[in-house]
Structure formats: structure tokens, C-alpha cells
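# Coordinates only, no sequence provided:
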């Protein structure tokens, strides 16, 4: 727990060149929670470790909020007093939120026309289709959004990779690993990677700049036989890391939920991610490298995407139907219509 707190909110000097500038109050509160026994005489679990395990159990077993609160109340009744068991689920979330890596709930148009985000966040209805933003009159005195998506900001998660001692030293592996002659063992061995380095020399000169991959696909969580629904998880992979860490250090960027398939409107839901990618490419962000013990301007680029062919068409905007459905061949090959199959071949 101490290591987690130190990686998350390492307190340094106020000068950004010498160390990260964070709020020391949050750091000391979390450090106290990591060292505070759950109750007097408890040597196995601290307040923070108990909270983390409870959240893990809730996630693994799909526990409802009401059930989670019931477990907390039982723990309070059966544990010696005084104790440091949270009162409810909201108190647990508040405690863990201090670790950083928060997520945002963004309201969406039910038809996927826009996000109520940035300049449109104060709108009450969609400026394209006119549908209301909220479900009015639910009888509980509070209007809930018709549709919302969950977005996990990219920049803090990349900065956390350099704040943790377990990952910071590996973020330059792609630059210095030994290439085996005649073998492709990693994306950095291929000609496309080298071509990128030759084209953008300033970016390639800093090996700590981040190379990313985006993986996305949609599925129906209720199976094909049930009612229509579409969930799109967007997963980010970091290609700076060695193979044994590349897949274990990946993280979820967005969860897009819609009553129907998003189809060609998927770009609307990717706006927050695209905005951060533009910032990382154009300006960069100040990031503290715990391994080198210095702050540098971190930039990032999206090297490629991993999708099946239908998802590739949605993300790229290329029509995957008709005579020109192949994005590689384009008009170099002629499609023909199958009279009896009623499809293009």
C-alpha cells in the first residue's frame, strides 16, 4: 500500500524541474490510510488495503451497490470498535479517488449525434436531431441522462507509468533492446516503425515519448438472442514496454454503450480520446520520470489500430461494402455483383 501511494502521489519540490508538484495533504492522508490498522490489534489489513480488496470483490462478483453497503454494515457490527470501515459505497469511492486515475461520465445524444462535452456541455437537447438530453419525469426528483459513456483520461495514466518504479525504467526498452537478425520480435523491428522515426526525427530523438496502439471492437452483452444493445470498449496498449509488460500494462480508455450499433458515428464518442492524442502530439505534457529523477516533455503518437474488418471500417471511415470495400486495393480491383447471391464480390 505504501508503494501504491508513493507512486500515485509522490511529493516533491514545488519546482517542476526537480520533482512532481502535488498536493501534500492528499499524499499524507493516503499514506496514513495505508498505514492505519483497520482496528486496534489488526496486523493484516490497513484501512486502504481493506477498501481496495472490497472494491476488487465487488467487481469480480458483480455485487450490487445495495449488497456492498450491507456487507460494510455487517463488518462494522462484527469488528471491534473503534474501527476505520467506511460507512457506504460512496465513502469507499471517495477514498480510492484520492489515488488519482479517475474517470468521467459524459452524457450523449441517444442517436449518437453529439457528446454533451466542452462547448456543448450546457445543452438540454441535441442540436442536430432535437432529442432531449435527459429522461424527464422519472418520479425521483432528478433527471438522469438518456445515454452516457465512461471515459478514462489518457494523459494521467501515461504519466503514472513514469511515476511507478516498476514501469518507468522499462519505458525505453523499445529503443535499446537487441534486434535479432532476420527476425521480427517486436513492432519496433519493422520497417514501418523505422520509417516513422526517419520522418519525425524530433519525436524519435526522445526515447521516452510514448508509442500507442488502439484496440476496439463491439459486442452485445446480452447475447445475440436477447435484445439489441452495443458495448464498445476502447483499449490502449503501450508499445514502449517489453513484450511481457506490453499486454499487462494496457488500460481501458473508454466504454461506449448504445441501444444500437454506433456504426459510422463512432467518431463522435472518440472525441475526448482524440483531443488528448492531439495534445500529446502537438504540445506534450510535463511528466516526472522517477527512474531518471527528472521532468521531461512527454509526447505520444498512435502507431496503429487492432480491429476486425467491420470495426476497421467504422474507425477509419472507409466503406466496407460495395465494389471498393478493400482499403488497400481501392480502385485497382473491380468488384462484380452476384446476380443470385445479391452481393458484391
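That came through, no problem. Quick caveat: nothing in here was measured; it's all calculated off a predicted structure.
# contacts, neighbours, all on C-alpha from now
Fine.
# can you tell me which residues contact residue 304?
Taking CA atoms under 8 Å, 6 or more residues apart in numbering, we find residue 304 in contact with 212, 213, 214.
# Show me those residues that map onto strands.
Per DSSP state E, strands hold the following members of those: 212, 213, 214.
# Now do the helices in the protein.
Taking DSSP state H, the helices of the chain run over residues 2-8, 24-35, 47-60, 65-78, 89-97, 154-163, 165-168, 173-176, 191-199, 201-205, 243-246, 266-269, 271-282, 309-316.
# May I see these organised as CSV, with mean neighbour count and distance to residue 222 added?
Output for the helices of the chain, formatted as CSV (neighbours: other CA atoms under 10 Å; distance: least, CA to CA, whole Å):
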stretch, mean neighbour count, distance to residue 222
helix 2-8, 17, 36
helix 24-35, 17, 39
helix 47-60, 16, 18
helix 65-78, 13, 21
helix 89-97, 15, 27
helix 154-163, 20, 29
helix 165-168, 16, 37
helix 173-176, 15, 40
helix 191-199, 12, 40
helix 201-205, 13, 44
helix 243-246, 13, 31
helix 266-269, 20, 21
helix 271-282, 16, 27
helix 309-316, 17, 20
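# Let's have those in a markdown table, adding distance to residue 325.
A markdown table is the format used below for these (distance: least, CA to CA, whole Å):
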| stretch | distance to residue 325 |
| --- | --- |
| helix 2-8 | 46 |
| helix 24-35 | 53 |
| helix 47-60 | 41 |
| helix 65-78 | 46 |
| helix 89-97 | 46 |
| helix 154-163 | 32 |
| helix 165-168 | 41 |
| helix 173-176 | 35 |
| helix 191-199 | 24 |
| helix 201-205 | 34 |
| helix 243-246 | 32 |
| helix 266-269 | 19 |
| helix 271-282 | 25 |
| helix 309-316 | 9 |
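# okay if I get these as a markdown table plus mean pLDDT?
Output for the helices of the chain, formatted as a markdown table (pLDDT from 0 to 100):
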| stretch | mean pLDDT |
| --- | --- |
| helix 2-8 | 66 |
| helix 24-35 | 67 |
| helix 47-60 | 89 |
| helix 65-78 | 93 |
| helix 89-97 | 86 |
| helix 154-163 | 89 |
| helix 165-168 | 86 |
| helix 173-176 | 92 |
| helix 191-199 | 94 |
| helix 201-205 | 95 |
| helix 243-246 | 88 |
| helix 266-269 | 90 |
| helix 271-282 | 95 |
| helix 309-316 | 84 |
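# Relative to residue 342, which of these is closest?
Among the helices of the chain, the nearest to residue 342 by CA to CA is helix 309-316 (19.4 Å).
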